[in-house]
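Participant: Would you be able to build a 3D model of this:
(4 chains)
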Amino acid sequence: MSEAGSTTSRRGLDRAGIARAVARDIPRGSYVNLGIGLPTTVSAYLRPQDEVTLHTENGMLGMGPEATGDDVDPDLINAGKVPVTELPGASYFHHADSFAMMRGGHLDVCVLGAYQVSVAGDLANWHTGRAQDIPAVGGAMDLAIGAKQTFVMMTLLDRQGHAKLVQACTYPLTGVGCVRRVYTDLAVFVLAGDAQAPTVTVTAAFDATVEELRELTGLSLLDGTGS
Amino acid sequence: MSEAGSTTSRRGLDRAGIARAVARDIPRGSYVNLGIGLPTTVSAYLRPQDEVTLHTENGMLGMGPEATGDDVDPDLINAGKVPVTELPGASYFHHADSFAMMRGGHLDVCVLGAYQVSVAGDLANWHTGRAQDIPAVGGAMDLAIGAKQTFVMMTLLDRQGHAKLVQACTYPLTGVGCVRRVYTDLAVFVLAGDAQAPTVTVTAAFDATVEELRELTGLSLLDGTGS
Amino acid sequence: MVAFVTSPFDAVAGIPDGATVMIGGFGEAGQPVALIEALLEHGARDLVVVNNNAGSAEVGLALLIAADRVRKVVCSFPRQSDSWHFDEKYRAGTIELELVPQGNLAERIRAAGAGIGAFYTPTGYGTLLAAGKETREIDGRHHVLEHPLRADFALIRAHLADERGNLTYRRTARNFGPIMATAATTTIAEVTRVVPAGGIDPENVVTPGIYVDRVVAVEPASGARDAARHGRGAAT
Amino acid sequence: MVAFVTSPFDAVAGIPDGATVMIGGFGEAGQPVALIEALLEHGARDLVVVNNNAGSAEVGLALLIAADRVRKVVCSFPRQSDSWHFDEKYRAGTIELELVPQGNLAERIRAAGAGIGAFYTPTGYGTLLAAGKETREIDGRHHVLEHPLRADFALIRAHLADERGNLTYRRTARNFGPIMATAATTTIAEVTRVVPAGGIDPENVVTPGIYVDRVVAVEPASGARDAARHGRGAAT
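Facilitator: Coordinates of the predicted model:
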């Protein structure tokens, strides 16, 4: 990976590298919702020939890139409230129709950030649980359970060095058993099985061995890297 | 009433007379749904200055009169599948939005035909209950319970001479406790009270006395005719 | 992604025996006559058909019923003056009927598309059509629990499609098309015309392309074509 | 019937202390800034406000909160980089918060307008936001029972109104306006322009006039007016 080890102090993928890895796994022709924050950066790596249509839950399909200059229209923003543009063949709809689209299972892929993901696919990404923090959920709970596949993008370790892929989430949950794939700086994980017998397979590792990943996470990881 | 006794063999109002009586009681500016059959005829007696907007449950507000000649468009029909016209300021919407409008209590008045109406306002108008008859309900059950006020138009007596305003319906119900006013050839009835203590008040009588109406129906009718 | 096909026959390819098929239209307005004729030609049997009606005269759904392709009809208003094919099969006991109040039909279809597990509605409470259904009093009003209505395929008639599969409709022919498109695994639309992406103002799209799988252009609108033989049944 | 008034102050007349007021908008897109400013001037207190957010910077809803007019906010995303007025009241314990997942917020508003008594949704199952709520397994999936969300007044921002009260919106400023209009006893719309009946193509009406009680034209669109100070909070 060209982005791996691009700085001497870092190992694994940088943010752009993670975004590129996610973009590569989005099937051609998909309808996709990219969550606010890190997931938004995936759009930069989707090529026109991928024919991916972006949904923004505030009421639009066919969202284009961020707007600049005269293209900025305060009435045309994404879910992060950033001015965006409209592609040919776009459509607008109200919030109930927009969330019906999401909750009804019509989006192929949703990409979200996370505080933690459990081996059973539980997602925690909306609330630290700390009393002094003001909770805000937005569309996270709908996105987590609504898409055909939910991908998570995050660093594997938090600032204290603790793995964010865990046996069981300690942060308040966003959704139960909803995450299918986890893209991190050090590896891509595919979650399968069911709540009683979940499995986690490493399908790609970046500057790390599966054995190292087992140590970092303390989890029984299956090796699907083919190495 | 000019229409009363217009033929020597008939007493009370004719169909046009009943329609006119209903039209007079629809408040200015109302949004109204007229059921198929007899209720449809009410539209002929609504004047432009009444500013009544007609809803048809197959997806339109602002329905105009029946279409003729070149105005006939098979894509523009009413709930009875009769080609109609569009008035300025009309709008089209799909079936779920149309029934949401009705079921959400946004229509001011709905006018329906009936086999029977009970003193508690129960309505029977969709099914004879006879085994050989194919049942068909259409939007009747939604209309009955959805509008702010449901009016019924019918002859007071059936062909066998039995009153159709009854203590309790014997036909299968369309809705429970939903009818507010009953317009018939012989009288107008206002239903009030609740299921435990319903009251029926005669507010207008046509070629009939309240005492005669009591005999015809076998019901304890209050006299509100002011006569 | 939406596929554009050149014939109604190709459009209905792969509809298997036993499929649940939603068919748009309220009477003939919005009825996808070309797709129904193709389905007739195609030969699938034992179908469960969801439509507001049960066919009329000698067109569209009525012909599918006449040819004994339909095992069951889910509808609100089967009885029309010209629904003789359905009437005959029903009286002979060779077709099943699930009668659903029209608003519940629409809301159940919408619920399927919107991911709603079930909903409480006052419609039908205390009637035969709610017999045996779970009820609940909410804020002093009686409600009936109703469940989503899904389909394997939806056949609908729209007006314009753009290259992304976005659809518009004409007047009251809109009726069930937009909600059926959301409730089926595969949605197939016959349209009057296909325009380039951007040929429909994004503000005026009624069915976003995400809900549309196959599009076939058939001109002229079946409604217009059949205007001459358009009856006026006493029906809702 | 819709009433056309000449000032935002007249438009919000009669909103009493303690009213539940839905306010359209997602961030500033679709936020009825002129109506909110009029409500501020008008003086109603102890309001329950339903909005996606809890105000940002020094505009609209944020000012209503700053002026201690709001007892409770029902919203999905109160925390923004510039939601300092809400943050301060929340931390001081002088404002209540009912946090609702955004899809549940939209669907509950729609349910109120559509006469749905309650509905089951998978959203939020197993989370703090469903704590204490009734649940049910339907087709092997866990659901939470959610109830309609109604209001006494809805204040919304639309684009065009015609003389019958039909409304259109601009781009993503559509957001909550159409559903809030259906869920309030009295719906008040600020619009950019009023056109004659027929000035909006009946195919393109987004909110039919039946849902609109009062209209006031305010130019230019508040969104455009405020474009200069438009921040980019990390928020949904």
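
Participant: wait, does stretch A:119-139 contact chain D?
Facilitator: Yes. Stretch A:119-139 reaches chain D (C-beta under 8 Å from any C-beta of the partner chain) through A:122, A:127, A:132, A:133, A:134, A:135, A:136, A:137, A:138, A:139. Where you see a C-beta, it was placed from the backbone N, CA and C, and this is true even at glycine.

Participant: which one of those sits closest to residue C:205?
Facilitator: Checking the residues of stretch A:119-139 next to chain D against residue C:205 by C-beta to C-beta gives residue A:139 as the nearest, at 21.2 Å.

Participant: Can you report how many residues neighbour the residue lying closest to the closest one once chain neighbours are set aside?
Facilitator: Computed as C-beta to C-beta, 6 or more residues apart in numbering or on different chains, the closest residue to residue A:139 that is not its neighbour in sequence is residue D:102, at 4.1 Å. Counted by other C-beta atoms under 10 Å in any protein chain shown, the residues lying close to residue D:102 total 29.

Participant: Am I right that residue D:102 is in contact with residue A:142?
Facilitator: Yes. With contact defined as C-beta atoms under 8 Å, residue D:102 and residue A:142 form a contacting pair (6.2 Å).

Participant: Using the three-state scheme, assign residue 106.
Facilitator: Because you didn't say which chain, this covers chain A. At residue A:106 the chain is in coil, as set by DSSP: H, G, I helix; E, B strand; the rest coil.

Participant: other chain: chain C
Facilitator: Assigned by three-state DSSP, the conformation of residue C:106 is helix.

Participant: pLDDT wise, what is it at?
Facilitator: Looking at residue C:106, its pLDDT stands at 98.

Participant: Chain B versus the residue lying closest to residue C:44 once chain neighbours are set aside, what's the distance?
Facilitator: Leaving out its chain neighbours, the residue that sits closest to residue C:44 by C-beta to C-beta, 6+ apart is residue C:15, at 4.8 Å. Note on residue C:15: its distance to chain B, by C-beta to the nearest C-beta, to the nearest Å, is 23 Å.

Participant: pretty sure residue C:15 belongs to a helix, no?
Facilitator: No. Counting by three-state DSSP, residue C:15 is not part of a helix but coil.

Participant: Next, it: phi, psi?
Facilitator: Here is the backbone geometry of residue C:15 (degrees, to the nearest 10): phi -80, psi 110.

Participant: Surely it is in contact with residue C:43?
Facilitator: No. Using C-beta under 8 Å, residue C:15 is not in contact with residue C:43; the gap is 9.4 Å.

Participant: now the strands for chain A?
Facilitator: Secondary structure of chain A, counting by DSSP state E: strands at A:31-34, A:53-56, A:60-66, A:84-92, A:109-113, A:116-118, A:123-124, A:149-153, A:165-166, A:179-183, A:187-193, A:198-205, A:221-223.

Participant: for chain A, which spans come out with low pLDDT?
Facilitator: For chain A, residues meeting the criterion pLDDT under 70 lie at A:1-9, A:227.

Participant: Contact residues of it facing chain C?
Facilitator: A:28-29, A:31, A:51, A:53, A:55, A:60-62, A:86-93, A:99-107, A:146.

Participant: Please enumerate the shared neighbours of residue D:102 and residue A:142.
Facilitator: Contact with both residue D:102 and residue A:142 is made by residues A:57, A:99, according to C-beta atoms under 8 Å, 6 or more residues apart in numbering or on different chains.

Participant: Next up, the contacts around residue C:65.
Facilitator: Applying C-beta under 8 Å, 6+ apart, the residues contacting residue C:65 are C:54, C:55, C:73, C:85, C:86, C:89, C:95.

Participant: burial of the second one, as a residue count?
Facilitator: This points to residue C:55. As a burial measure, residue C:55 scores 31 neighbours (other C-beta under 10 Å).

Participant: doesn't residue A:102 make contact with residue A:57?
Facilitator: Yes. Counting by C-beta under 8 Å, residue A:57 does reach residue A:102; the two are 6.2 Å apart.

Participant: Compare the two (neighbour count), which wins?
Facilitator: Remark: of residue A:57 and residue A:102, residue A:57 carries more neighbours, 30 against 25, as counted by other C-beta under 10 Å.

Participant: From residue C:148, how far off is the closest residue in space to that one that isn't next to it in sequence?
Facilitator: The spatially closest residue to residue A:57, leaving aside those adjacent along the chain, is residue A:139, at 4.5 Å (C-beta to C-beta, 6+ apart). Residue A:139 is 22 Å from residue C:148, where distance means C-beta to C-beta, to the nearest Å.

Participant: Phi and psi next, for residue 73.
Facilitator: Unless you meant another one, I'm taking chain A. With angles defined as degrees, to the nearest 10, residue A:73 sits at phi -130, psi 120.

Participant: my question was about chain C
Facilitator: phi -120, psi 130.

Participant: Tell me, how many residues neighbour the closest residue to residue A:204 other than its chain neighbours?
Facilitator: Excluding the flanking residues, the one nearest residue A:204 by C-beta to C-beta, 6+ apart is residue A:188, at 4.3 Å. Residue A:188 sits with 23 neighbouring residues when counted by other C-beta under 10 Å.

Participant: Does residue A:188 touch residue A:21 like I think?
Facilitator: Yes. Using C-beta under 8 Å, residue A:188 is in contact with residue A:21, at 6.2 Å.

Participant: Can you check which residues contact both of those two?
Facilitator: Listed as contacting both residue A:188 and residue A:21 by C-beta under 8 Å, 6+ apart are residue A:204.

Participant: re the thing from before, restricted to helices, list the contacts of residue C:65.
Facilitator: Under the assignment DSSP state H, the contacts of residue C:65 contribute C:85, C:86, C:89 to helices.

Participant: I'm done for today, thanks for sticking with me.
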